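> sharing a model prediction with you, sequence too.
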Amino acid sequence: MLTLQEVTLKLVMLIALTNATRVQTLKFLSVDCMEKLRDEFVFHLDVLLKQSRPGYKNPDVKLRAFPPDRRLCVYTVLKEYIKRTEILRVHTKQLLISYIKPHKAVTCSTISRWIKVVLQKSGIDTRQFSAHSVRSAATSKAKLYNVSLADIMSKAGWTNVNTFATFYNKRIINSNSFDVNVLNN
């Protein structure tokens, strides 16, 4: 059985990888704005995010089940996380809380640090790659496997294809060490 720290780190990385979300978005996930469906959790974001502008509706964050491998299933990990943190989440509705006492809501800096810990444990040079690098890695990998640009843009919350082309479409080294190590640890 994983410790609360391990479940937390795994959850944060799986959400970052499967949704190409900014750390700020992870911070604003709330159990009050969460809908549990048969094979997915949906988080409705009712806050202003970095990319928000007048009239912009933030896309929902959908955490879908991954039946081929429950160890890599963000839905399964989230169910476990919610079960384990329910009694600890006293004064906050924020999904992500500290795994050490007093178990308060965490900041963007803490979430970034958690992602860097997972990157480091996976053998990634964290002097070169940051928590935000996961966003580039996830979207670039999706493009490599022929996910449509419309789907990538929708998932990442972009409205302009040039944003992806300019800032996020990175060359993928023909090695599976990153994703294999991230998902295996």
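Here it is on my side, so go on. Numbering: from 1, shown residues only.
> show me the strands in the chain, by range?
34-36, 40-43, 61-64 (DSSP state E).
> okay, buried residues for the shortest one please.
Applying a neighbour-count criterion of 16 or more other C-beta atoms under 10 Å, the buried positions in strand 34-36 are M34. Every C-beta, even on glycine, is put in place using the N, C-alpha and C of the backbone.
> what pairs with it, and is each one parallel or antiparallel?
Strand pairing for strand 34-36, using DSSP bridges, gives strand 40-43 (antiparallel).
> now the partner strand, how far from the chain's geometric center?
Strand 40-43 has its C-alpha centroid displaced from the chain centroid by 13 Å (C-alpha atoms, centre = their mean, to the nearest Å).
> go on, stretch 22-37?
Distance of stretch 22-37 from its chain centroid, counting by C-alpha atoms, centre = their mean, is 10 Å.
> first to last residue in that stretch, what's the distance?
Start to finish, the residues bounding stretch 22-37 are 24 Å apart (C-alpha to C-alpha, to the nearest Å).
> before we move on, the earlier item: looking at the strands of the chain, which is closest to I97?
For I97, the closest of the strands of the chain is strand 34-36, at 14.0 Å, according to C-beta to C-beta.
> turn the strands of the chain into TSV, including distance to I100 and mean pLDDT.
Output for the strands of the chain, formatted as TSV (distance: least, C-beta to C-beta, whole Å; pLDDT from 0 to 100):
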stretch	distance to I100	mean pLDDT
strand 34-36	23	96
strand 40-43	24	96
strand 61-64	24	93
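> okay, these in TSV with distance to G123 next?
Output for these, formatted as TSV (distance: least, C-beta to C-beta, whole Å):
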stretch	distance to G123
strand 34-36	33
strand 40-43	30
strand 61-64	26
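> out of those strands, which comes closest to V161?
Across the strands of the chain, closest to V161 is strand 61-64 (C-beta to C-beta), at 21.5 Å.
> same for that closest one, what does it pack against?
Judged by 3 or more C-beta pairs under 8 Å, 6 or more residues apart in numbering; DSSP states H and E, strand 61-64 is in contact with helix 4-19, strand 40-43, helix 74-85.
> which of these sits most buried?
helix 4-19 (a mean of 21; mean count of other C-beta atoms under 10 Å).
> where does the prediction get shaky in this protein?
Scanning the chain for pLDDT under 70 picks out 48, 50-55, 158-159, 163-185.
> ok, 90 please
1, 19-22, 45-60, 90-91, 119, 122-185 (pLDDT under 90).
> at which residues are the helices of it located?
4-19, 23-27, 74-85, 108-121, 133-144, 149-156, 161-163, 177-184 (DSSP state H).
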